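# here you go, sequence then predicted model.
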Amino acid sequence: MPVELGYFTLTVKDVARAKAFYGTLFGWTFEDGSGHVANTKFSLGIGEGGPIDLSGHAYFRVDDLETFLPRVVALGGEVRGRADYKSGPNAVIADDQGTVTTLWQPAPGYE
């Protein structure tokens with residue numbers, strides 16, 4: 001088996017604010033006293049010290065992009081751009097602290 005990403009940390013300015021933003025947006029729950037997301041298959045968390053550019057970019061898979069975009073804005077974030085690709089539509093968003101990620105709705109045949 002090849003090497004795969006084992007853990008992802010979304011680095012933000014304020015962990016408590018980020019937990020509120022992403023918890024509400026994605027339905028994430030967190031382990032007590034930490035930024036570790038408790039209810040996802042892939043291990044990830046939220047850490048303080050950002051936003052920073054680590055030469056990578058997070059794409060969060062969503063079932064329906066149009067459902068999430070108004071929620072981003074309602075939570076104090078912003079939609080910075082949209083694109084449609086063969087792999088499916090996506091939108092670059094910033095959370096309420098300026099951390100930039102992308103929401104991606106896979107096209108049929110893409111996982």
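Received, thanks.
# and the spatially most central residue of the chain, how far is that from D32?
Residue closest to the mean C-alpha point of the chain, counted by Cα atoms, centre = their mean, is F60 at 4.9 Å. Separation of F60 from D32 (Cβ to Cβ, to the nearest Å) stands at 24 Å. Every C-beta, even on glycine, is put in place using the N, C-alpha and C of the backbone.
# cool, and I93?
Separation of I93 from D32 (Cβ to Cβ) stands at 28 Å.
# between these two, which one's more packed in?
Each of I93 and D32 has its neighbours counted (other Cβ atoms under 10 Å); I93 has more, 24 against 6.
# which helix or strand contains the residue nearest to that one when sequence neighbours are not counted?
Leaving aside its chain neighbours, I93 sits nearest to V72 (5.0 Å; criterion: Cβ to Cβ, 6 or more residues apart in numbering). Assessed by DSSP states H and E, V72 sits inside helix 65-74.
# what's around the closest residue to T102 other than its chain neighbours, how many residues?
Distances taken as Cβ to Cβ, 6+ apart place Y59 nearest to T102, at 4.7 Å, with adjacent residues excluded. Neighbour count for Y59, taken as other Cβ under 10 Å: 13.
# would you confirm that Y59 contacts V100?
No - taking contacts as Cβ atoms under 8 Å, Y59 lies outside contact range of V100: 11.4 Å.
# how about the CA coordinates for the helix with the most length in the chain, as CSV?
For the chain, the helix with the greatest residue count under DSSP state H is helix 15-26. What follows is helix 15-26, C-alpha atoms only, in CSV (Å, rounded to 0.1, in the frame of the first residue of the first chain):
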residue,chain,number,x,y,z
VAL,A,15,-9.7,27.2,17.7
ALA,A,16,-12.9,27.9,19.6
ARG,A,17,-14.3,30.1,16.8
ALA,A,18,-13.3,27.5,14.2
LYS,A,19,-14.9,24.7,16.1
ALA,A,20,-18.2,26.7,16.2
PHE,A,21,-17.9,27.5,12.5
TYR,A,22,-17.0,24.1,11.1
GLY,A,23,-19.1,22.2,13.7
THR,A,24,-22.1,24.1,12.5
LEU,A,25,-21.2,24.0,8.8
PHE,A,26,-20.2,20.3,8.6
